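**Student:** using only what follows, build the 3D model:
(2 chains)
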Amino acid sequence: MKDDNWTFWRRLLSTAATELFAHYGVDLKDESHWTPVLGSGDLVAASVYFGGDQIRGGLTVCAPRSLLSRATPTPTQTSLSDFAREIANQILGGLQFALNDYDVDFSYQFSDPKPLPSAAADLAIDARTLVLRSLGGEVALIFVVASSIDLGPQSIPAPPRPSLARGSLIML
Amino acid sequence: MLKKKKILVIDDSETIRIHLGQTLRDAGYEVLEAADGLMGAFAIRERAGDISLVICDVNMPRLDGVEMLEILHGQYPKLPVLMLTSESRIDKVERAKRAGAKAWIIKPFKPELLVQAVAKLTA
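**Tutor:** Numbers count the residues shown, from 1 in each chain, chains lettered A, B, ... in the order given. Just a heads-up that it's a prediction; the model follows:
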């Protein structure tokens, strides 16, 4: 997007947000700058949401169209935003599998996220952006998570529960 | 001429439906599609006698794949169902098994593994 457009969006967003917060009694000052996550270009993005008793949040995958075109199994026939959403879904599947070791569970959420259960009302919310680089461009993972659990280096994995690894086939 | 076996693919991702369609057609199957569990349930009710296998995602809007199987449970005992999903929780696998699923593959999938499983389930 052109810089002029970003100036326009910034004014719109800033005005809408400051006026809204003022309505609710909070005065905001617009003093910082836009923080570009990826370089300019033709980007595609998609978001998925998840929720459980101890954790909830959202993941947005954003990447150049050219990079996603290289990665998609159906390069000529499908919408890249659909593929980006599928990538986000499958990344979330990887998180779900890994968190199984810590006895942390969540479900995918498609409609309005469910309200937090009362016991989890104090979940700490954090948001970060991880940018991963490749020769063909960068992929940004914008991750917003509210969690009551400590998953730092000191955390002790729960006794392993059975779960399934990516790509595996189980005959039932 | 030998009639091609029909496979119903239920997934909310168009990318996955097209990818599965290409893979299965290349392997000699005819492919039908539905975009969520609700549309999948309608398709099964309309064409169950005509379908050799259902490949179904789990996490989908409106009606998820396991819920769809639970609704249809017992009505189509001879129709094999393969779950193809990012979902890895064993409790979901067990629910799907109780509802009649015969196999479970975690995405991303290798096409050759999928075709192998499909051949086994439609034999």
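
**Student:** centroid residue for chain A?
**Tutor:** Central residue of chain A (CA atoms, centre = their mean): A:Leu59, 1.3 Å from the mean position.

**Student:** given the helix or strand that that one is a member of, what are its sheet partners and their directions?
**Tutor:** Using DSSP states H and E, the secondary-structure element containing A:Leu59 is strand A:55-64. Sheet pairing for strand A:55-64, assigned by DSSP bridges, gives strand A:43-51 (antiparallel), strand A:137-147 (antiparallel).

**Student:** following element in sequence after that strand, please.
**Tutor:** Scanning forward in sequence from strand A:55-64, with DSSP H and E defining helices and strands, the next element found is helix A:65-71.

**Student:** show residues contacting that following helix.
**Tutor:** Outside helix A:65-71, the residues within contact range by CB atoms under 8 Å, 6 or more residues apart in numbering or on different chains are A:41-44, A:75, A:80, A:83-84, A:87, A:134, A:136-139. Yep, even glycine has a C-beta here, placed from its N, CA and C like the rest.

**Student:** equivalent analysis for stretch B:85-94, please.
**Tutor:** Counting by CB under 8 Å, 6+ apart, the neighbours of stretch B:85-94 from elsewhere in the structure are A:89-90, A:92-94, A:96-97, A:100, A:105, A:108, A:161-166, A:170, A:172, B:57-59, B:65-66, B:83, B:104-107.

**Student:** ok so, going back, ok, which pair from the contacts of helix A:65-71 is furthest apart?
**Tutor:** Farthest pair in those (CB to CB) is A:Pro75 and A:Glu138. Separation: 19.9 Å.

**Student:** compare these two and say which is more crowded by neighbours.
**Tutor:** Comparing A:Pro75 with A:Glu138 by neighbour count (other CB atoms under 10 Å in any protein chain shown), the higher total belongs to A:Glu138, at 17 against 12.

**Student:** isn't that one right up against A:Gly39?
**Tutor:** Yes - with contact defined as CB atoms under 8 Å, A:Glu138 and A:Gly39 form a contacting pair (7.1 Å).

**Student:** that older thread, and the buried ones among the contacts of helix A:65-71, selectable in ChimeraX?
**Tutor:** A single ChimeraX command suffices to select whichever of the contacts of helix A:65-71 are buried according to 16 or more other CB atoms under 10 Å in any protein chain shown:
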select /A:43,44,80,83,84,87,137,138,139
